[in-house]
Every structure is written in structure tokens, then in C-alpha cells.
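In: can't give you the sequence, but here's the structure:
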Ligand SMILES: Nc1ncnc2c1ncn2[C@@H]1O[C@H](COP(=O)(O)OP(=O)(O)OP(=O)(O)O)[C@@H](O)[C@H]1O
């Protein structure tokens, strides 16, 4: 996966995301009691935690599609979901959100037109996600991993400054996973901020910063190296368990 990556110009904020006292309820249950966090611009931040801990809900708040009960969510210096952010924030959901009955290229041409991205961008993003040669294939005939990459390509159209990716590497083989993480870092080096959720702790070492989440709360926010040093654990999964045990001891 190669290709030219556009630079993000005129960044004026250092925090790409700032969340304060965020409280969210879904279906009458408290999912996020009170989340406060900052995400540095130009970083690859991993949001890691067990299934059901609230990762998707938090990501939906950053995109501005989740009803919040109270708190503040600021993205690139603006309230999450505000109109100017539409072309600056890319969101890839867990379920691929592309048209099955269109080809890879037709899908991306359509999304480029909606976003007002230049036509030449389509070939660029297809190359970035490693789908060169599959342009004319119908999405319905692609594998799950290939389909996920079409969704990712759509999110890369234009010049997004923040990419919010919900479990983008699920179902991908190790080589493709490595290539995608390399792509995230290459784009982050140009100033794009990535927030990537995963319930697979072994992806942690690929992130600059980690947000470890449990039962709707951020239990740690630091670099993988700092979390390992702080807990004395050999890997992030053990660090997570150490933090959970420490928390349970404090609560007991
Ligand atoms: N549409 C909904 N209505 C009511 N409750 C919901 C809804 N979607 C999710 N929830 C609940 O919110 C909580 C957090 O779910 P969320 O999808 O944010 O977790 P997650 O960490 O992303 O999980 P996973 O890793 O399995 O995707 C769960 O208890 C879930 O049951």
C-alpha cells in the first residue's frame, strides 16, 4: 500500500478531541457515567476494552450521532457533530457502510461526489487501502476484509483531519492488519488524528496512546510504554488486568 498522502494544513488545535464529564444513557441504562479525556492531534490513539464496555457509544459521541445526557464533546475545536466537521471527520462503523450492488470504484465515486472530493481521489484511496486491481468488482463479491477496506477508503476521501475507526482490523489477516496500522501511522505523520477501537489487546503496541476502557469508564490513558512501566506488566492485556484488580481493591 503506497501512494501520496495529503497534508493537513493550518491545524490550530493540539487536542483533536476533548471530552468533559460525558454522561450517556442507552435504553434506560447508564453506558458512560462520566467520561473525561483528551486526544492529541496527529496521534494514533487506541480505545481498548472488553466487548460491551462502551467503545462504540463513545465513538458515536465523537462523531456527533449519539444523544448525550450531559457533558461536552469538542472535536477539532468545534462541538461534535457540527456542520463544518462533516468533511473533516471520517467514521468507519463496524458494519461496512458501502453499497453491495455497486463496484468498489462506483461506491467511491459516489462518496467522493457527496463529500465534494476531487475525482482523482478515488484512485488514491483505492491504492492506500490495497485494493488496486479490484476497482470494478462488485462489493457484494468481496470478502469481509475487502469490504471493510472499501469503507475505510471512503473515509479517507478528501482531507479528513480525524478518522474514527470502530474495530477496523476485525477479520483481517496479520499481513493486512500490519499494512493498515502502517497506513494509519503514515497518515498520522501528516497530522491526521486516528482513534481506533479494538477489543484485541495485542493491537495496543501499535498505538501512540491508549485509552483503556471498562464498564463505561476510562481506567487508564497513557502510552503503551508508560502503562507497562507503571503496572510492571509484560503486555497490555496483563496491564489492563492489573489496573482492574487495583481498582477492585480500592473499591473493596
Ligand atoms: N441501541 C442500543 N440501545 C440500548 N443499549 C445499547 C444500544 N447499543 C448498545 N447498547 C448497550 O450499550 C453498552 C455499550 O455498548 P457498545 O456497543 O458501546 O460497546 P462496545 O464496547 O463497542 O462493544 P463491542 O466491542 O462488542 O462492539 C452495552 O451494554 C450495550 O448493550
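Out: Thanks, I have the structure now. None of these values were measured; they are calculated from a predicted model.
In: Report the spatially nearest residue to whichever residue of the stretch 151-252 of the chain sits closest to the ligand, omitting neighbours in sequence.
Out: Evaluated by CB to the nearest ligand atom, the stretch 151-252 of the chain has residue 199 as its residue closest to the ligand, separated by 4.6 Å. All C-beta atoms are positioned from the backbone trio N, CA, C, and that covers glycine. Leaving aside its sequence neighbours, residue 199 sits nearest to residue 51 (CB to CB, 6 or more residues apart in numbering; 5.3 Å).
In: isn't there a helix covering that neighbour?
Out: No: secondary structure of residue 51 (DSSP: H, G, I helix; E, B strand; the rest coil): coil, not part of a helix.
In: what about it, how many residues close to it?
Out: Here the count is done by other CB atoms under 10 Å, and residue 51 has 8 residues near it.
In: what does the stretch 151-252 of the chain put close to the ligand?
Out: Contact residues, the stretch 151-252 of the chain versus the ligand (CB under 6 Å from any ligand atom): residue 199.
In: Kindly recompute the last result at 8 Å.
Out: Residues of the stretch 151-252 of the chain found near the ligand (CB under 8 Å from any ligand atom) are 166, 167, 197, 199, 213, 216.
In: quick one: the third one is in a helix?
Out: No: counting by three-state DSSP, residue 197 is not found in a helix; it is strand.
In: what's the residue of the stretch 151-252 of the chain closest to the ligand sitting at in phi/psi?
Out: phi -100, psi 10 (degrees, to the nearest 10).
In: Would you agree it is in contact with residue 50?
Out: Yes: here residue 199 reaches residue 50: they are 6.0 Å apart, a contact under CB atoms under 8 Å.
In: ok, now how distant is the residue lying closest to residue 84 once chain neighbours are set aside from residue 85?
Out: Spatial nearest neighbour of residue 84, chain neighbours left out: residue 78 (6.2 Å); criterion: CB to CB, 6+ apart. From residue 78 across to residue 85, the span is 6 Å (CB to CB, to the nearest Å).
In: more neighbours, the two?
Out: Set residue 78 next to residue 85 and count neighbours by other CB under 10 Å: residue 85 wins out with 20 against 15.
In: which residues does the more buried one contact?
Out: The neighbours of residue 85, taking CB atoms under 8 Å, 6 or more residues apart in numbering as the test, are 64, 75, 76, 78.
In: Please, where are all the helices along the stretch 1-150 of the chain?
Out: For the stretch 1-150 of the chain, applying DSSP state H, counting those that start in this stretch gives helices covering 55-63, 104-115, 121-128, 144-156.
In: circling back: residues in contact with the residue of the stretch 151-252 of the chain closest to the ligand?
Out: 48, 49, 50, 51, 55, 167.
In: which two in these are spaced the farthest apart?
Out: Maximum pairwise distance among these (CB to CB): 12.7 Å, between 50 and 167.
In: just checking, residue 243 touches residue 219?
Out: Yes: assessed by CB under 8 Å, residue 243 is found in contact with residue 219 at 5.3 Å.
In: joint contacts of the two?
Out: residue 212.
In: I'd like to know which residues of the stretch 1-150 of the chain are adjacent to the ligand.
Out: 26-29, 31, 49-60, 94.
In: Can you list phi and psi of residue 67 for me?
Out: Main-chain torsions, residue 67, degrees, to the nearest 10: phi -70, psi 130.
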